[in-house]
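**Student:** sequence plus predicted model, see below.
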Amino acid sequence: MPLIRLSDPNAPLSSEITPQAVYLDRRRFLATGAAGVAGLLLPEAHAATLKALPSAYSLKEKPNSLDEITHYNNFYEFGSSKTDPAKYAGQLVVDPWTLKIGGHVAKPLTLDYDQLFRIAPLEERIYRLRCVEGWSMVIPWIGVPLASLLKQVQPSSKGRFVQFVTLERPSQMPGQRTDLLPWPYREGLRIDEAMNPLTLLAVGLYGETLPKQNGAPIRLVVPWKYGFKSIKSIVAINLVEQQPTTTWQQLAPNEYGFFANVNPEVDHPRWSQANERRVGEFSRRKTLMFNGYGEQVAGMYSKLDLRRWF
Amino acid sequence: MAARPLPFWAKPLLFALCALPLLHAAWRVYQGEAADPADYLTRESGWWALTLLLATLTITPLVKLGHWPQLMRLRRMLGLYAFAYASVHLAIYLLLSGGDLAIIGDDIMKSPYIVVGFSAWLLLLPLAITSTDGWMRRLKRRWSQLHRLIYPASMLAVIHFWWLTKSDMRQPLLFALLLGVLLVWRVWRRRVPGARSA
C-alpha cells in the first residue's frame, strides 16, 4: 500500500489517521475513558495526535513503517543496542518538560511541555535519515523549522553557533548509568546551518507526538547530516560564540567531525560511506551527497574542504 | 582416572542446542519481531559463529584439565557449527551487497573489518572440508598442523568484531579476553616443562 501524500490533495495526512495502536486498543481506551480515570491509569500511555501541514520539503519516497522507526534506532541514553531504546525508554517522563533557550540572544526563552507544540504551525516533513553506521530510513517527522524558534529569541552577532544538550536523568535513562558516552549528550550547528529551512525541531512522527525512544518530547532533525547530529530529548539550546564541543567528536575526533555531513566520498576511517542499506530492504543503495539535500545546503559549504572538515 | 564415557544422547543434544539460535532467529524474523531482519540476522549469525569458535577452543582445555578425553568427540560438531554460522553470516553479507562487485570492491578497499572477517572465514573453509575421518587419516600428522589455522581464524574473527563496533567495546573486549585465556593456556602448556602432564 503506497503512502501517497503530496501528489494527492484528498489523501489523508498521516496525522489524520488514527494510530493503529489506539485503534486496536479502542475498547480499553473507551472503557477507561468512560470511567474517567484514563489519565490516572495510563499516564502518557497513548501518544497524542498532532495536526500538521504538508511541506514542499517532504520527499515523495515511501516512509519506513512506524515499527521500523520505533524499534531500530540508536539512543545511547537507553543502551547501545538498536533494540534498547524501544525496551527501556518507556520509563522516561517527558511531561513536565523544560526547554531553555539562552546564550547570546536578546530574548531568552523557557518553554514548558505544552509550549513545545506551539512554537510555530506544525509541518509534516518526510525526510531521509542516514546513520553514520551505514543504514538509512525515510521518516515522516512533524515539527517546526529551528529558525522559527531562533527568530523568537533573536540571536546577537556573537551567537555564531548553536549548542544543544540532551536531558541528563540517569534514574530514567539506564544508559547514563554507564560510561558509554560522556553525559549529557551535546550537539552543535553553525548558525547558518541552524537557520537553514530544512533544519527541523521535531515534536512528532507519523501524525503523533514523538515516541520516547525517538527523542520525545522534542529533538533536532538535520537531514543532510549523519543521524548522530540530530540530538534527542533536548533540554537546552544555547547560542554561543565558539564552535561547541559535540559528543561523538569528543569521543573519537578522528572518526566523527563537527560537521558530519553525509558524504559518500569521505569514508569513516573504519568503513566505507559510499553506500547504505535502507532499513527493511535487503540490497544496498548508493549514498547521496548531503543525503540528497545538496540543492538546499551545498552553498553553505562552498568554501569548506569537506575532506578535512568531515 | 577411568575415562567417563559420553552418554549416548550427548551428540544429538549438542546438535540440537547448536541449531537452536538459528531456528530462534528465523522464528523471530518470521513473527515480525525484528524491526530490521537483515541487521538482526547478521548480528545473530556473527555472534554465534564467534561464540561457537571459542567453544570449540574450550574443548581441549576441558579434556586436559578435566581428564575427560571423551569430550573430544564433541569438538568437530562445535567447529562445524561455528563454520556454518560464519557461512550464514557471509551469505547474508553477499545477499545484502546484491552481488554488486562495485560495492564489494569498495568494502575491500575501505572497510578493513570486512576483509578481516572474510579472511577468518577463508581460514575456516579448509578446516571444514578436512573435518571428516577420511581426511584425518589421509593427512595424518599434517591434519593437526592444518587445523591450527583455527587460532589465526579466531583472532581475525575477534578483530573483525572489534573494528566494526562503533563505541560500546564491552562485548568485543570480553571475546578478546576469553580468546586470550584460551591461547595463553596453550602457549603455557608448550613452554612450561611438566605442564602437559598437569
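**Tutor:** Received it, and whenever you're ready, just let me know what you need.

**Student:** okay, CA-based contacts and neighbour counts for the rest of this
**Tutor:** OK.

**Student:** all strands for chain A, in order.
**Tutor:** When assigned using DSSP state E, the strands of chain A occupy the ranges A:53-54, A:98-103, A:109-112, A:123-130, A:135-145, A:161-166, A:186-190, A:200-205, A:208-209, A:219-221, A:234-240, A:275-278, A:285-286.

**Student:** pLDDT weak spots in the chain?
**Tutor:** With no chain named, the answer covers chain A. Under the criterion of pLDDT under 70, the regions of chain A flagged as low confidence span A:1-46.

**Student:** um, chain B though
**Tutor:** Per-residue confidence for chain B (pLDDT under 70) gives these ranges: B:1-3, B:194-198.

**Student:** quick check: residues of it near chain A?
**Tutor:** For chain B, the residues in contact with chain A (CA under 8 Å from any CA of the partner chain) are B:35-38, B:95-98, B:103, B:106-107, B:110-113, B:163-164, B:166-168.

**Student:** can you give me the helices for the chain?
**Tutor:** All of this refers to chain A. Assignment of helices within chain A using DSSP state H yields the ranges A:20-24, A:26-35, A:38-41, A:66-71, A:84-88, A:146-153, A:191-195, A:247-251, A:294-297.

**Student:** that was the other one, I meant chain B.
**Tutor:** Assigned by DSSP H, chain B shows helices spanning B:10-30, B:37-66, B:75-96, B:101-110, B:112-129, B:133-139, B:141-146, B:150-164, B:170-191.

**Student:** save those as JSON lines, and put in mean neighbour count and distance to residue A:284 too.
**Tutor:** As requested, the helices of chain B are exported to JSON lines (neighbours: other CA atoms under 10 Å in any protein chain shown; distance: least, CA to CA, whole Å):
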{"stretch": "helix B:10-30", "mean neighbour count": "14", "distance to residue A:284": "20"}
{"stretch": "helix B:37-66", "mean neighbour count": "19", "distance to residue A:284": "11"}
{"stretch": "helix B:75-96", "mean neighbour count": "20", "distance to residue A:284": "6"}
{"stretch": "helix B:101-110", "mean neighbour count": "15", "distance to residue A:284": "8"}
{"stretch": "helix B:112-129", "mean neighbour count": "19", "distance to residue A:284": "15"}
{"stretch": "helix B:133-139", "mean neighbour count": "11", "distance to residue A:284": "40"}
{"stretch": "helix B:141-146", "mean neighbour count": "12", "distance to residue A:284": "37"}
{"stretch": "helix B:150-164", "mean neighbour count": "21", "distance to residue A:284": "18"}
{"stretch": "helix B:170-191", "mean neighbour count": "15", "distance to residue A:284": "26"}
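
**Student:** would you format the ones you listed as a markdown table with distance to residue A:112 included?
**Tutor:** Compiled in a markdown table, the helices of chain B are given as follows (distance: least, CA to CA, whole Å):
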| stretch | distance to residue A:112 |
| --- | --- |
| helix B:10-30 | 41 |
| helix B:37-66 | 38 |
| helix B:75-96 | 45 |
| helix B:101-110 | 47 |
| helix B:112-129 | 46 |
| helix B:133-139 | 73 |
| helix B:141-146 | 68 |
| helix B:150-164 | 41 |
| helix B:170-191 | 38 |
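
**Student:** hmm, back to that, got CSV for the strands of chain A, with mean neighbour count and distance to residue A:293 too?
**Tutor:** Converted to CSV, the strands of chain A look like this (neighbours: other CA under 10 Å; distance: least, CA to CA, whole Å):
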stretch, mean neighbour count, distance to residue A:293
strand A:53-54, 16, 18
strand A:98-103, 21, 28
strand A:109-112, 14, 30
strand A:123-130, 25, 9
strand A:135-145, 25, 13
strand A:161-166, 24, 21
strand A:186-190, 24, 17
strand A:200-205, 27, 14
strand A:208-209, 23, 25
strand A:219-221, 25, 13
strand A:234-240, 22, 24
strand A:275-278, 22, 16
strand A:285-286, 16, 14
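
**Student:** for residue B:26, find the nearest of these.
**Tutor:** Put simply, out of these the one that sits nearest residue B:26 is strand A:275-278, at 20.4 Å, with distance taken as CA to CA.

**Student:** and the closest residue to residue A:131 other than its chain neighbours, how many neighbours?
**Tutor:** Of all residues beyond its chain neighbours, the one nearest residue A:131 is residue A:227 (4.7 Å), with distances taken as CA to CA, 6 or more residues apart in numbering or on different chains. Other residues near residue A:227 number 24, with proximity taken as other CA atoms under 10 Å in any protein chain shown.

**Student:** do residue A:73 as well
**Tutor:** With neighbours defined by other CA under 10 Å, the count for residue A:73 comes to 21.

**Student:** just confirm it contacts residue A:87, I think it does.
**Tutor:** No: with contact taken as CA atoms under 8 Å, residue A:73 and residue A:87 are classed as non-touching, separated by 11.4 Å.

**Student:** who's in contact with residue A:48?
**Tutor:** The contact partners of residue A:48, taken as CA atoms under 8 Å, 6 or more residues apart in numbering or on different chains, are A:208, A:209.

**Student:** point me to the residue of chain B nearest chain A.
**Tutor:** With CA to the nearest CA as the measure, the residue in chain B that lies nearest chain A is residue B:111; the distance is 4.0 Å.

**Student:** pretty sure that residue sits against residue A:274.
**Tutor:** No: Residue B:111 sits out of contact with residue A:274 when judged by CA under 8 Å, with a separation of 10.8 Å.

**Student:** so how far is residue A:118 from the nearest residue in space to the residue of chain B closest to chain A that is not next to it in sequence?
**Tutor:** Leaving aside its chain neighbours, residue B:111 sits nearest to residue A:271 (4.0 Å; criterion: CA to CA, 6+ apart). Residue A:271 sits 42 Å away from residue A:118, taking CA to CA, to the nearest Å as the criterion.

**Student:** comparing these two, which residue is more hemmed in?
**Tutor:** Applying other CA under 10 Å to residue A:271 and residue A:118 shows that residue A:271 carries more neighbours, namely 21 against 12.

**Student:** who touches the closest residue to residue A:111 other than its chain neighbours in this structure?
**Tutor:** Residue nearest to residue A:111 in three dimensions, not counting chain neighbours: residue A:99, with 5.1 Å by CA to CA, 6+ apart. Going by CA under 8 Å, 6+ apart, residue A:99 touches A:110, A:111, A:112, A:234, A:235, A:236, A:237.
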